[in-house]
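Asker: coordinates only, sequence not included:
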DNA sequence: GGCCTGACATTAG
DNA sequence: ACTAATGCCAGGC
């Protein structure tokens, strides 16, 4: 799949598929991209974030710990938390999201098992 | 072409 | 449980 779609493009597509009130980990995005080890490249793509809070809800992308990445990319720390909370994403007092409750199971989740 | 960097993940101690 | 080091991929110079 490296014909016309670059890795970052695939990342944007995957992140774009994340439903509201749900979060995905870099590893998942990387997996959807075809490279389960490209979690870093995913961060790279998001870091470029062409459309933050618009088409690429990077705030829904968290790391393995359920911790949010540098939220400053959204306008300020806490802003991301507010966004996720507004979407129905439970947060811990530590400032982490409850992955057990809002982890995204992938595009398959949209259809049926 | 090679080297370095980066919003992660994983394994080992 | 925590910290440290390594591996992975893509982009930038």
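Answerer: Received, thanks. Quick caveat, the model's predicted, so the values are computed rather than measured. Residues are numbered from 1 along each chain as shown, chains lettered A, B, ... in the order given.
Asker: for the rest of this, base every contact and every neighbour count on C-alpha atoms.
Answerer: Will do.
Asker: now the residue nearest to residue A:60 when sequence neighbours are not counted, which residues is it bridged with?
Answerer: For residue A:60, ignoring the flanking residues on the chain, the nearest one in space by Cα to Cα, 6 or more residues apart in numbering is residue A:23 at 4.5 Å. Using DSSP bridges, the bridge partners assigned to residue A:23 are residue A:103.
Asker: ok, residue A:23 - contacts?
Answerer: Residues in contact with residue A:23 (Cα atoms under 8 Å, 6 or more residues apart in numbering) are A:60, A:61, A:62, A:89, A:99, A:102, A:103, A:104.
Asker: residue A:17 and residue A:107 touch, don't they?
Answerer: Yes - assessed by Cα atoms under 8 Å, residue A:17 is found in contact with residue A:107 at 6.8 Å.
Asker: with neighbour numbers in mind, choose between the two.
Answerer: residue A:17 (18 against 13; other Cα atoms under 10 Å).
Asker: before we move on, what's the pLDDT of that one?
Answerer: What the model reports as pLDDT for residue A:17 is 90.
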